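In: Need the 3D shape of this:
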Amino acid sequence: VFAVDYPFAGNEGVLPFFAQADLPEQAKRKIAHENAARLLGL
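Out: Here you go, the predicted structure:
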């Protein structure tokens with residue numbers, strides 16, 4: 001699960017950073033939403 005420290009730190013750089021991360025697409029999907037959905041039963 002990926003998070004930012006909003007409102008103490010801005011989150012404007014998050015999407016470009018995440019998009020450029022050297023990770024497989026499956027890992028990006030899990031970090032972005034699948035892990036949280038599974039954990040929270042969504």
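In: what about the helices in the protein?
Out: 14-20, 25-29, 35-40 (DSSP state H).
In: where does this structure have its least confident helix or strand?
Out: The weakest-scoring helix or strand in the chain, judged by mean pLDDT, DSSP states H and E, is helix 14-20 (a mean of 87).
In: picking that back up, which one of the helices of the chain lies nearest to P7?
Out: Evaluated with Cβ to Cβ, these place helix 14-20 nearest to P7, the distance being 13.7 Å. Any C-beta I mention is one placed from the backbone N, CA and C, and that applies to glycine too.
In: Output that closest one as CSV - backbone C-alpha positions only.
Out: Provided in CSV are the C-alpha atoms of helix 14-20 (Å, rounded to 0.1, in the frame of the first residue of the first chain):
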residue,chain,number,x,y,z
VAL,A,14,3.4,10.9,-6.4
LEU,A,15,2.0,9.9,-9.8
PRO,A,16,5.1,10.6,-11.9
PHE,A,17,7.3,8.9,-9.3
PHE,A,18,5.0,5.8,-9.2
ALA,A,19,4.7,5.7,-13.0
GLN,A,20,8.5,5.7,-13.4
